[in-house]
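Asks: one predicted model, sequence on top.
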Amino acid sequence: MFNPITDTFIQPFMKQAMASYSTMRLSWNGLSSSHPVIFEEFQLYSDETMYLDVFPDSYASIFFRLNPETQEVTAFYFGKMLTTNQISFTSGCTYFSVRLPPCLLFKETRFPPDYYINKTVSLDEWTPVFQQFDAKQLIHLSFDDKISFFQSFVKDYFPYHNHPIISFVLINAAKNKKASIKELALELGVSDRHIRNVFSQHIGVSPKQMIQAVRLQRTLALLEKTDCLTETFISSDFYDQAHLTKFIKEATLYKPSDLKKLGQ
């Protein structure tokens, strides 16, 4: 069963452009956790700067761009992307990223959560905590050591917390696409208004917007695994293939058949 808190897909355009790719699901801080983050390291094939479309998937990301030639490190925060965004990637650089599921929440940010939706900012603009992080050390470390170095820092300086209502709504919405916020609220024993307030306060968007991003994430993950669009729309609970195509095209600007070609 697809779980939007622990499962994700490789972005199709990035997958096509990657010369190398490593990934590992672990906890944010090296301690036990039921909500792992996704650590990634990759380089691209291109010898020049590339602009790639990144599709909404409900995750946020911390990105370190490492340039071994100049010894420069640039750090970014990608807020939760609920629309397709075009991101630039620089040739000759290694990228180390920490992908954050929607249930991971942080208190020591400079601005409210809605400020970062669909936005890319410097890591310092997201939180002043990383001013104490010696990011240049990452250039000389292996992928595993990068993860340990990062976890050691955030364990001491930047704790996270989970909101059980956010996790419950997104996981159950992924299981049952027809469940409404009112129905989920009844299961939780709270009002649907309370759920909307939780999402607005802690994430910055409505639960419906996040559920749509989770649904896209699950649909694209299914699309990666099969050549049959009929099987995909049935598994994703769409009425027919036309509804599936419309949903994906509105979210990504591409038809499912075009994304399948990219994956191949």
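Replies: Received the coordinates, thanks.
Asks: separation between the residue positioned nearest the centre of the chain and P12?
Replies: The C-alpha lying nearest the average C-alpha coordinate of the chain belongs to Y59 (Cα atoms, centre = their mean; 2.4 Å). Note on Y59: its distance to P12, by Cβ to Cβ, to the nearest Å, is 15 Å. (Glycine included, C-beta is placed from N, CA and C.)
Asks: any idea which element the nearest residue to the residue nearest to the centre of the chain once chain neighbours are set aside lies in?
Replies: Among residues not flanking Y59 along the chain, R99 sits closest, at 5.0 Å (Cβ to Cβ, 6 or more residues apart in numbering). Assigned by DSSP states H and E, R99 belongs to strand 94-100.
Asks: now for that strand, which elements pack on it?
Replies: Strand 94-100 sits against strand 37-44, strand 60-67, helix 143-157, with contacts defined as 3 or more Cβ pairs under 8 Å, 6 or more residues apart in numbering; DSSP states H and E.
Asks: just checking: what are the partner strands of that strand?
Replies: Next to strand 94-100 in the sheet, as set by DSSP bridges, lie strand 37-44 (antiparallel), strand 60-67 (antiparallel).
Asks: which of the three states applies to the residue nearest to F13 when sequence neighbours are not counted?
Replies: Sequence neighbours aside, L52 is the residue nearest to F13 in space, at 4.4 Å (criterion: Cβ to Cβ, 6+ apart). Put simply, L52 is strand when judged by DSSP: H, G, I helix; E, B strand; the rest coil.
Asks: relative to Q241, how far out is L52?
Replies: 27 Å.
Asks: same question, K208
Replies: K208 sits at a distance of 24 Å from Q241 (criterion: Cβ to Cβ).
Asks: do the same with E41
Replies: On the measure of Cβ to Cβ, E41 and Q241 end up 37 Å apart.
Asks: residues contacting the closest residue to F63 other than its chain neighbours?
Replies: For F63, ignoring the flanking residues on the chain, the nearest one in space by Cβ to Cβ, 6+ apart is F76 at 4.4 Å. With contact set as Cβ atoms under 8 Å, 6 or more residues apart in numbering, F76 has these partners: I62, F63, R65, T120, V121, S122, L123.
Asks: try 10 Å this time
Replies: Residues near F76 by Cβ atoms under 10 Å, 6 or more residues apart in numbering: 61-65, 87, 95, 97, 120-126.
Asks: go on, I62?
Replies: So I62 contacts 37, 75-78, 96-100, 123, 126-127, 130, 150, 154 (Cβ under 10 Å, 6+ apart).
Asks: ok, and the most crowded of the residues you listed?
Replies: V37 (28 neighbours; other Cβ atoms under 10 Å).
Asks: now do that residue against V154, distance only.
Replies: Following Cβ to Cβ, the distance that separates V37 from V154 is 10 Å.
Asks: so for S20, which of the helices and strands packed on strand 94-100 sits nearest?
Replies: The closest of the helices and strands packed on strand 94-100 to S20 is strand 37-44. By Cβ to Cβ, the value is 5.0 Å.
Asks: now do the closest one, average pLDDT.
Replies: Across strand 37-44, pLDDT averages out at 94.
Asks: angle of that strand against strand 50-54?
Replies: 150 degrees (axes from the mean of the first three to the mean of the last three Cα atoms, to 10 degrees).
Asks: which element is S167 on?
Replies: Assigned by DSSP H and E, S167 belongs to helix 164-175.
Asks: what about the stretch 151-264 of the chain, any weak spots by pLDDT?
Replies: Counting by pLDDT under 70, the stretch 151-264 of the chain contains low-confidence ranges at 176-178, 227-237, 239, 262-264.
Asks: which parts of it are helices?
Replies: Along the stretch 151-264 of the chain, counting by DSSP state H, counting those that start in this stretch, helices occupy 164-175, 181-188, 192-202, 207-225, 229-235, 241-252, 256-263.
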